[in-house]
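Trainee: okay, here's the prediction I keep looking at, along with the sequence it came from:
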Amino acid sequence: MPQIASTHVVGSDVDILDKLGRQRPIVFTSLWSEIGFCFAIFGSIFMTEYFVSGFNIILPELATQLNIPEATQTWPASVFSLVTGSFLLPLGRLSDIYGCYIVFNAGIAWSFIWCLIAGFSTNYRTLIVCRALAGLGAAAYLVGGLTLLGKTYRPGPRKNLVFALYGAVAPVGFYFGILFGGISSHFLTWRWYFWLGSIIVFVVTVAALVAIPRDYRDDRTGNDEMDWKGTATVVPGLLLVVYSITDSSSAPRGWSNPRIIVTMVLGVGFLAAAYVVETRFAKSPLIPGDLFAPTYMKRLMVALFLLYGGFGLFLFYSSFYIQSVMGISSLLTAAWYTPLAVGGLLIGTVGGFTLHRLPGQLLLLISGIGNLVSVLLFAIMPPDANYWAYVFPAMVCATIGIDITFTVSNIFITNNLPSHRQGLAGAFINSVLFLGIGFFQGVGDLVVQQTGFTELKRRYRTAFWVAVAISGAALGLYTLIKIPTAKSNLTIEERQQQAAESAHELPNPPCAKRNTTTESEG
């Protein structure tokens with residue numbers, strides 16, 4: 001971020017730290033400039049969820065009009081997340097090198113172009129290309145957005161609130177994706193789903209160009225270089241492995257299909273080559289070792305991979321279960337998802353004011369229980385289930401499960417990594433999310449296809465039981481992760497300088513210069 005006046009903080013002065021943690025960052029000249037900034041960042045995550053969720057609603061009509069073969073109908077839906085998850089790490093490095101303004105705005109503008117073109121698709125191949133390229137844009141703005149939040153706000157209640165609202169906007173975007181998909185499918189045409197989304201993306205693009213601080217000159221302070229060798233091995237490795245898992249369920253003869261065997265072998269080979277390149281030859285690897293330096297980081301990443309995988313199965317199969325098994329229309333299905341959106345806003349707002357009071361481990365445990373209960377309810381749900389007895393509590397538990405975890409983990413990771421690692425931190429967080437969802441959707445689809453059940457109810461329940469297993473494993477890992485309360489604190493740079501100065505026995509050592517706050521609390 002642009003360099004701002006320094007603030008000297010004595011580490012033991014809790015009152016000063018708490019005041020700094022509540023004030024508006026000085027990079028914003030007014031409260032309205034901060035609101036514009038948050039609108040652009042929140043709008044980006046909103047549209048990501050919009051384009052993930054609503055596509056499943058328009059897929060039946062779209063498949064008929066574009067003559068999409070049944071064996072390839074999953075690809076227009078999954079290619080967006082697959083490309084997004086695979087390109088996050090290199091774009092995170094570019095964000096650290098060249099600044100978030102360029103990466104974020106290039107990504108959101110690129111996404112707008114391809115979402116608009118997708119509405120004019122005349123065949124499914126064009127549609128798949130548009131969805132894939134839009135996913136590349138999403139990777140850029142997701143990395144840039146999370147990095148901007150992490151670098152702009154110092155540890156404290158204000159950062160907690162902003163991150164909580166950022167996480168709360170995701171289920172709202174998911175809900176509106178379903179709603180607009182249902183409206184487009186019922187009253188308009190599937191093309192309007194993309195055109196309406198493009199209008200919103202355009203508004204977000206304009207807000208981002210105006211409100212996001214221009215940091216492309218000041219972010220070139222680290223020693224990191226672009227790791228092109230790592231990019232050339234990590235990206236195709238991830239793409240090929242996830243592709244082989246996802247496509248194996250619909251390919252003829254499954255895993256014995258030569259296409260699946262070849263792509264899996266190539267994918268594993270690329271990832272093996274990436275390990276060698278990153279550990280032996282890369283001067284600045286895409287995934288540096290100090291990314292895992294914070295205590296419990298490795299356990300947390302595994303737990304998040306599992307939890308996001310379970311949540312992805314919930315999102316994917318719950319809509320199919322409600323519409324195909326319970327016989328509910330797409331518009332009413334959208335209405336049934338309302339608790340997911342409303343609950344996300346409530347949890348985000350309330351959580352933003354309480355994260356500095358409750359231990360992170362307690363919040364993670366509550367989140368893990370919520371995620372487990374949400375998929376368990378669908379696993380035991382009868383086809384004629386009462387909405388208030390099964391679906392409503394499942395939606396409430398789902399939003400508890402994803403929103404709390406997303407907020408707590410993001411705050412913990414960004415608070416414990418230095419400024420020059422925020423881009424990679426944002427990339428890694430989102431990689432775990434998208435790859436967890438993509439990987440376990442492939443696993444769930446494979447298990448469903450291998451059960452041999454012809455009844456949809458039993459097939460979908462199998463997927464929910466897979467989600468129960470991996471959500472339970474995530475909950476078990478949460479018991480081994482001790483995250484403290486997210487109180488106002490020194491930044492990682494300030495803590496490092498304080499430790500260095502303490503080693504030289506300086507009395508009351510001042511902390512490092514930091515982009516902090518104005519005198520106004522906004």
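Mentor: It's in.

Trainee: I'd like the next helix or strand past the strand or helix carrying Leu127.
Mentor: Under DSSP states H and E, the secondary-structure element containing Leu127 is helix 124-152. If you walk from helix 124-152 toward the C-terminus, the next helix or strand you reach (DSSP H and E) is helix 157-187.

Trainee: buried set for that following helix?
Mentor: Buried residues in helix 157-187, counted by 16 or more other C-beta atoms under 10 Å: 157-185. (Each C-beta comes from the backbone N, C-alpha and C, glycine too.)

Trainee: chain center to stretch 316-325, what's the gap?
Mentor: Between the centre of stretch 316-325 and the centre of its host chain there is 23 Å, according to C-alpha atoms, centre = their mean, to the nearest Å.

Trainee: other residues contacting it?
Mentor: Applying C-beta atoms under 8 Å, 6 or more residues apart in numbering, the external contacts of stretch 316-325 come out as 53, 56-57, 178, 328-330, 333, 336-337, 378, 381, 383, 391, 394, 441, 444, 456-457, 460, 463-464, 467.

Trainee: can you check stretch 281-290 too?
Mentor: Where contact means C-beta under 8 Å, 6+ apart, the residues beyond stretch 281-290 that reach it are 89-90, 92-93, 223-227, 229-231, 234, 277-279, 421, 424, 428.

Trainee: roughly how far does Ile400 sit from Gln441?
Mentor: According to C-beta to C-beta, to the nearest Å, Ile400 stands 22 Å off from Gln441.

Trainee: settle it for me: which of the two has more neighbours?
Mentor: When neighbours are counted by other C-beta atoms under 10 Å, Gln441 comes out ahead of the other of Ile400 and Gln441, with 25 against 22.

Trainee: circling back to that earlier point, quick one: the helix holding Leu127 to helix 157-187, angle?
Mentor: Angle between the axes of helix 124-152 and helix 157-187 is 160 degrees (criterion: axes from the mean of the first three to the mean of the last three C-alpha atoms, to 10 degrees).

Trainee: pretty sure Gly438 sits against Val242.
Mentor: Yes: between Gly438 and Val242 there is a contact under C-beta atoms under 8 Å: 5.1 Å.

Trainee: who has more neighbours out of the two?
Mentor: Counting neighbours by other C-beta under 10 Å for Gly438 and for Val242 shows that Gly438 has the greater number, 28 against 23.

Trainee: got a list of what the more buried one touches?
Mentor: Ser78, Ser81, Leu82, Gly85, Val242, Thr246, Gly312.

Trainee: okay, helices next: where are they in the stretch 201-350 of the chain?
Mentor: Taking DSSP state H, counting those that start in this stretch, the helices of the stretch 201-350 of the chain run over residues 228-247, 258-276, 297-320, 330-336, 338-354.

Trainee: what about those helices, which gets the closest to Ser374?
Mentor: helix 297-320 (5.8 Å; C-beta to C-beta).

Trainee: coming back round to it: the helix holding Leu127 packs against which elements?
Mentor: Applying 3 or more C-beta pairs under 8 Å, 6 or more residues apart in numbering; DSSP states H and E, one finds that helix 124-152 contacts helix 31-53, helix 55-65, helix 74-98, helix 100-118, helix 157-187, helix 392-415, helix 422-450.

Trainee: report the buried residues of the first one.
Mentor: Using 16+ other C-beta under 10 Å as the test for burial, helix 31-53 gives 33-34, 36-53.

Trainee: do the same with the third one
Mentor: Of the residues in helix 74-98, 74-98 count as buried by neighbour count, 16+ other C-beta under 10 Å.

Trainee: what count of nearby residues applies to Phe120?
Mentor: Applying other C-beta under 10 Å, I find that Phe120 has 12 neighbouring residues.

Trainee: that one is in contact with Arg191, isn't it?
Mentor: Yes: taking C-beta under 8 Å as the contact criterion, Phe120 and Arg191 are neighbours in contact, 7.3 Å apart.

Trainee: Pro359 and Ile429, how far apart?
Mentor: According to C-beta to C-beta, Pro359 stands 21 Å off from Ile429.

Trainee: the more surrounded of those two?
Mentor: A count of neighbours by other C-beta under 10 Å puts Ile429 above the other of Pro359 and Ile429, at 23 against 15.

Trainee: sorry, back to before: list buried members of the contacts of stretch 316-325 by neighbour count.
Mentor: Using 16+ other C-beta under 10 Å as the burial test, these include 53, 56-57, 178, 328, 330, 333, 336-337, 378, 381, 391, 394, 441, 444, 460, 463-464, 467 as buried.

Trainee: before we move on, the earlier item: quick check: which of the helices and strands packed on helix 124-152 is nearest to Pro258?
Mentor: Across the helices and strands packed on helix 124-152 (criterion: C-beta to C-beta), the nearest stretch is helix 422-450, sitting at 17.5 Å.

Trainee: buried stuff in the helix or strand following that closest one?
Mentor: In the C-terminal direction, the helix or strand that comes right after helix 422-450 (DSSP H and E) is helix 456-478. By 16+ other C-beta under 10 Å, the buried positions in helix 456-478 come out as 459-468, 470-475, 477-478.

Trainee: so how far is helix 456-478 from its chain's centroid?
Mentor: Relative to its chain's centre, helix 456-478 lies at 20 Å (C-alpha atoms, centre = their mean).

Trainee: from the contact counts, what lies against that helix?
Mentor: On the basis of 3+ C-beta pairs under 8 Å, 6+ apart, helix 456-478 makes packing contacts with helix 297-320, helix 360-379, helix 422-450.

Trainee: in the shortest one, what's buried?
Mentor: Buried positions in helix 360-379, judged by neighbour count with 16+ other C-beta under 10 Å: 360-361, 363-379.

Trainee: now do the first one
Mentor: Within helix 297-320, the residues that qualify as buried by neighbour count (16+ other C-beta under 10 Å) are 297, 300-301, 303-319.

Trainee: cool, and the last one?
Mentor: Applying a neighbour-count criterion of 16+ other C-beta under 10 Å, the buried positions in helix 422-450 are 422-448.

Trainee: list just the nearest of the contacts of Gly438 to Leu271.
Mentor: Within these, the smallest distance to Leu271 is 11.0 Å, found for Val242 (C-beta to C-beta).

Trainee: for that closest one, give its distance to Val79.
Mentor: Using C-beta to C-beta, one obtains 10 Å as the distance from Val242 to Val79.

Trainee: so for this protein, the centremost residue is which one?
Mentor: By C-alpha atoms, centre = their mean, the mean C-alpha position of the chain lies nearest to Asn430, the distance being 4.3 Å.
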